[in-house]
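**Student:** give the three-dimensional model of this entry:
(chains A and B)
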Protein chains: 2
Amino acid sequence: MKKSISQATIDRLPLYFRTLQLVEEEEMDIISSDELGRRLDITPEQIRKDLATFGQFGRKGIGYDVHELKDKIGNILGLQNGWRLAIVGVGHLGGALANYVNFSSLGFTIAALFDNNESIIGTTVNGLTVNDAACMKEVIADQEIDIGVITVPAAEAQAVADLLVAAGVKGIWNFAPIRLTVPPNIPLVNEDLSIGLGALSYHMSQE
Amino acid sequence: MKKSISQATIDRLPLYFRTLQLVEEEEMDIISSDELGRRLDITPEQIRKDLATFGQFGRKGIGYDVHELKDKIGNILGLQNGWRLAIVGVGHLGGALANYVNFSSLGFTIAALFDNNESIIGTTVNGLTVNDAACMKEVIADQEIDIGVITVPAAEAQAVADLLVAAGVKGIWNFAPIRLTVPPNIPLVNEDLSIGLGALSYHMSQE
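**Tutor:** Sure thing, here's the model as predicted:
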């Protein structure tokens, strides 16, 4: 089923999910939109509006059931799929992502690493051996990879995207500073660290 | 002067700026909103609307002057300030950021690195020696640091933010998965890699 939910709302759902995980670890069973808002620096009205998009949650004057809400948001985000990731390009950024612990708390598994540099192939990062990029198709099938993470230089990124799509990944997360072309049925998310820094510079200039 | 520009527009400006840099390197002097849109996968209407926020640019039927537009967007973003960054926490992510080349093309300089781990202090990353975090105040003053980049674990992030503010930084870029409290005159941008991955999972689940 295709729903029409704004990108801004979708972008807030992982924040809600992770906060609810923390709240669950604190053994709280019920949380109000006020408390959720305080923890996230989002207005309670915004939170109630976002959650109302998906149906009836919570009870007026009482709050949301933490476990129910967390599971529901996880399902909306598709986290129950337990997506398996492959990182292509194990330089500084790829290596950092391979070690980034928060992905597993969201249900993602980093299951394969690739590089084309002879001095990197065969080394171990966070318990995974770096594969030769020439074996991408075989390893991606064998490891049942869902998501390809591209952390190669911009000039190589489109070729890597093409290889990943041919190997059967269902989605691409791109860190190379270039717009990629992929088939319309393959979701693509571009991550650009310059955007946050540019926004910070803008706000500092206004002070 | 404080202007009211939407966050979504501000977030697109670094993309425009970097694309115009590339266009400039191709020795193009004029670019149309159609061509800019094609390169960025943004509609020409959106581009014209964004740029109109800042005044009269371009000429109907001809296009935008690449150099003029690039300089103007750079000025709006405050890139001419040549902000100097310090990275606190030289683990995998901090190390990756210290090596991230795109920052310098936007006019940012990574000028100092800090850690509190004895085995990391004194090592060299991308030509910079890692300082003892205990010397943060002195080094930040000496190196005229403007922006503190926080890449420490969540549990240490607020203490680091407090130290950075006390040392006189003008803005904070936070990668720790926690909401920080800083004075209202210190712009804070939170970077959360889970958001992009969550959005990708959502879109994959809709396919």
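
**Student:** in the longest strand anywhere in chain A, which residues are buried?
**Tutor:** As assigned by DSSP state E, the longest strand anywhere in chain A is strand A:109-115. Residues of strand A:109-115 classed as buried by neighbour count (16 or more other C-beta atoms under 10 Å in any protein chain shown): A:Ile110, A:Ala111, A:Ala112, A:Leu113, A:Phe114, A:Asp115. In this view, the C-beta of every residue, glycine as well, is placed from N, C-alpha and C.

**Student:** using the three-state scheme, assign the most centrally placed residue in chain A.
**Tutor:** In chain A, the residue lying closest to the centroid (C-alpha atoms, centre = their mean) is A:Phe103, at 7.1 Å. For A:Phe103, the assignment made with DSSP: H, G, I helix; E, B strand; the rest coil gives helix.

**Student:** A:Glu26 versus the residue of chain A most remote from its centre, what's the distance?
**Tutor:** Of all residues in chain A, A:Gly61 has its C-alpha farthest from the mean position, at 33.2 Å, by C-alpha atoms, centre = their mean. Distance, A:Gly61 to A:Glu26, by C-beta to C-beta, to the nearest Å: 22 Å.

**Student:** do the same with A:Thr151
**Tutor:** As defined by C-beta to C-beta, A:Thr151 lies at a distance of 35 Å from A:Glu26.

**Student:** quick one, which of these two is more surrounded?
**Tutor:** More crowded of A:Thr151 and A:Glu26, by other C-beta atoms under 10 Å in any protein chain shown: A:Thr151, with 27 against 8.

**Student:** wait, that one touches A:Gly94, no?
**Tutor:** Yes - using C-beta atoms under 8 Å as the test, A:Thr151 is close enough to A:Gly94 to be in contact (3.8 Å).

**Student:** which neighbours do those two share?
**Tutor:** Applying C-beta atoms under 8 Å, 6 or more residues apart in numbering or on different chains, one finds that A:Thr151 and A:Gly94 are jointly contacted by A:Ile87, A:Val88.

**Student:** re the thing from before, hmm, which two among the buried residues of strand A:109-115 are most spread apart?
**Tutor:** Longest distance between any two of these is 15.5 Å, between A:Ala111 and A:Asp115; criterion C-beta to C-beta.

**Student:** now for the helix or strand of chain A with the lowest mean pLDDT, which elements pack on it?
**Tutor:** Within chain A, no helix or strand scores below helix A:102-105, which has a mean of 81 by mean pLDDT, DSSP states H and E. On a contact count with 3 or more C-beta pairs under 8 Å, 6 or more residues apart in numbering or on different chains; DSSP states H and E, helix A:102-105 meets helix A:7-25, helix B:193-206.

**Student:** give me every residue that touches the residue nearest to the centre of chain A.
**Tutor:** Counting by C-beta under 8 Å, 6+ apart, A:Phe103 touches A:Leu85, A:Leu97, A:Thr109, A:Ile110, B:Leu193, B:Ser194, B:Leu197.

**Student:** nearest to A:Ile73 among those residues?
**Tutor:** Using C-beta to C-beta, the contacts of A:Phe103 come closest to A:Ile73 at B:Ser194, 12.6 Å.

**Student:** do a quick rundown of the helices in chain A.
**Tutor:** Taking DSSP state H to define them, one finds helices in chain A at A:7-25, A:33-40, A:44-52, A:66-77, A:92-98, A:102-105, A:136-142, A:154-167, A:193-206.

**Student:** ends of stretch A:82-97, how far apart?
**Tutor:** Start to finish, the residues bounding stretch A:82-97 are 17 Å apart (C-alpha to C-alpha, to the nearest Å).

**Student:** how about that stretch against chain B, any contact?
**Tutor:** Yes - residues of stretch A:82-97 contacting chain B under C-beta under 8 Å from any C-beta of the partner chain: A:Trp83, A:Gly91, A:His92, A:Leu93, A:Gly95, A:Ala96, A:Leu97.

**Student:** where's the residue lying closest to the second one once chain neighbours are set aside relative to A:Val88, distance?
**Tutor:** Meaning A:Gly91. Closest residue to A:Gly91 apart from its sequence neighbours, by C-beta to C-beta, 6 or more residues apart in numbering or on different chains: A:Thr151 at 6.6 Å. From A:Thr151 across to A:Val88, the span is 7 Å (C-beta to C-beta).
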